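1. Fold the following for me, if possible:
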Amino acid sequence: MRRILTGDRPTGRLHIGHYFGSLQTRLKMQEDPNNEPYILIADVQALTDNFNNPEKVRKNVREVAIDYLSVGIDPNKTTIYIQSMVPETAELTVFYSNLVTIARLQRNPTVKTEIAQKKEIFGESVTYGFLGYPVSQAADITAFEGELVPVGEDQEPLIEQCREIVRKFNSIYGEVLVEPKAVLSTTKRIKGLDGNDKMGKSLGNAIYLADSEEEILKKVMSAVTDPNRIKKDDLGNPDVCMVSYYHKLFSPQMEVDEVCKECREGKRGCVACKKQLAKNISDTLKPIREKRKYYEEHLEEVDKILEEGTKKARKTARETMKKVKKAMKLDYFENEE
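-> Below you'll find the model as predicted:
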């Protein structure tokens, strides 16, 4: 069995960027009988830049779990667990912190980018926890002997950092840890409704999996279109239009071709085009919304899935910790235990 480790930070509900970027990959992976997937809800990592708002993180743990279940993540095939409830990963983080220099963390491209984006939180002095979250992430992966880690291209430097930690640990203590391999998403990052290269919870440019028909229509109507097209009969350029961009994700190819042709010829207005897109998005997300409604009305099932998944995850992590502590000569009183 190949262990797979992936997850999300519980800082808000999941959006269509997650759906195309990671959730579809997870759904395929869980159907392979040779795979043993684990999905963590990374509440500890979420606290690195939400430490002053723990209620936000706590609330969204369940919201993210419901999103997983609504898109079809099956708890009988995929273990869903809460990061903070597996203390072995925190213990591993401490051990690994001795194997990584501050300079190396500061050079990590993903960390550098994210620190720059968090200026309003950290100012000129980033916290130890945020700078070191790649070490914590390495602990998450190796605690489950994860072989495959599905990520986007922007996260690849973090997996490489994990591989470095594994190699360093194994060179000192023996061949104990499994070196993971990144599985890059074949889907490019989904742009926001405003044309931003990133669709994000904090940017206000996302369509969420839980959005109602009314919310989807309202958001799509605000999407950026060709700025040079003022009147309905002006010749448009669908290549610079976010509505056309989303049609390619949610509409049949024949419809996409028709939309683009009529736009270029000035025969289709933006309002009609947006309404058609909103309907297609809503129709695609309808089964997810319906399933979400079920779990929102049966929260005890969600909590039970999280509790059982976390118990299983902790059992797996304990087995890894036994190997790690033995290799590090930290297995005191093993017989007594």
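2. Next, work out how far apart Arg189 and Gln161 are.
-> Per C-beta to C-beta, to the nearest Å, Arg189 is found 21 Å from Gln161. (Glycine included, C-beta is placed from N, CA and C.)
3. Please state the offset of the least confident helix or strand in the chain by mean pLDDT from the chain centre?
-> Using mean pLDDT, DSSP states H and E, helix 119-122 stands out as the lowest-scoring helix or strand of the chain, at a mean of 83. Centroid separation for helix 119-122 versus its chain: 22 Å, with C-alpha atoms, centre = their mean, to the nearest Å.
4. Could you do stretch 290-302 as well?
-> A distance of 21 Å separates the C-alpha centroid of stretch 290-302 from that of its chain, computed with C-alpha atoms, centre = their mean.
5. mind exporting that stretch as PDB, just the C-alpha atoms?
-> The C-alpha coordinates for stretch 290-302 follow below in PDB (Å, rounded to 0.1, in the frame of the first residue of the first chain):
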ATOM      1  CA  GLU A 290     -27.200  18.800  -1.700                       C
ATOM      2  CA  LYS A 291     -24.700  16.400  -0.100                       C
ATOM      3  CA  ARG A 292     -23.400  19.300   2.100                       C
ATOM      4  CA  LYS A 293     -27.000  20.000   3.300                       C
ATOM      5  CA  TYR A 294     -27.300  16.400   4.500                       C
ATOM      6  CA  TYR A 295     -24.100  16.700   6.500                       C
ATOM      7  CA  GLU A 296     -25.100  20.100   7.900                       C
ATOM      8  CA  GLU A 297     -28.200  18.400   9.200                       C
ATOM      9  CA  HIS A 298     -26.200  15.400  10.600                       C
ATOM     10  CA  LEU A 299     -23.200  17.000  12.300                       C
ATOM     11  CA  GLU A 300     -22.900  14.100  14.700                       C
ATOM     12  CA  GLU A 301     -21.900  12.000  11.700                       C
ATOM     13  CA  VAL A 302     -19.200  14.500  10.700                       C
END
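6. residues of that stretch that come out buried?
-> 291-292, 295, 302 (16 or more other C-beta atoms under 10 Å).
7. ok, those residues vs Val57, which is closest?
-> Val302 (16.6 Å; C-beta to C-beta).
8. What distance do you get for the closest residue to His15 other than its chain neighbours to Pro10?
-> Excluding the flanking residues, the one nearest His15 by C-beta to C-beta, 6 or more residues apart in numbering is Ala206, at 3.9 Å. From Ala206 across to Pro10, the span is 16 Å (C-beta to C-beta).
9. residue contacts, the residue nearest to His15?
-> 15-17, 192-193, 199-200 (C-beta atoms under 8 Å, 6 or more residues apart in numbering).
10. ok, now which ones touch Pro134?
-> Counted by C-beta under 8 Å, 6+ apart, Pro134 has contacts 100, 105, 108, 110-111, 158, 161-162.
11. Pretty sure it sits in a helix.
-> Yes - counting by DSSP: H, G, I helix; E, B strand; the rest coil, Pro134 is located in a helix.
12. Identify each buried residue in the helix ranked longest in the chain, please.
-> Longest helix in the chain, counting residues (DSSP state H): helix 299-327. The neighbour-count check on helix 299-327 (16+ other C-beta under 10 Å) flags 302, 305-306, 309-310, 313-314, 316-317, 320-321, 324-325, 327 as buried.
13. any idea which of those is the one closest to Tyr96?
-> Lowest distance from Tyr96 to the buried residues of helix 299-327 (C-beta to C-beta) belongs to Val324, with 9.9 Å.
14. So the closest one sits against Leu92, correct?
-> Yes - assessed by C-beta atoms under 8 Å, Val324 is found in contact with Leu92 at 6.8 Å.
15. Now flag whichever of the contacts of Pro134 is closest to Gly123.
-> Val111 (16.5 Å).
16. And the closest one, how far from Thr142?
-> Val111 sits at a distance of 19 Å from Thr142 (criterion: C-beta to C-beta).
17. just Asn76 next, same as before
-> Where Thr142 is concerned, Asn76 sits at a distance of 25 Å (C-beta to C-beta).
18. hang on, the earlier thing: quick one: buried ones out of the contacts of Ala206?
-> Buried, going by 16+ other C-beta under 10 Å: 15-17, 192-193, 199, out of these.
19. Kindly reformat the residues you listed as TSV containing secondary structure and pLDDT.
-> As requested, the buried ones among the contacts of Ala206 are exported to TSV (DSSP: H, G, I helix; E, B strand; the rest coil; pLDDT from 0 to 100):
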residue	secondary structure	pLDDT
His15	strand	93
Ile16	helix	92
Gly17	helix	89
Gly192	coil	90
Leu193	coil	90
Met199	coil	83
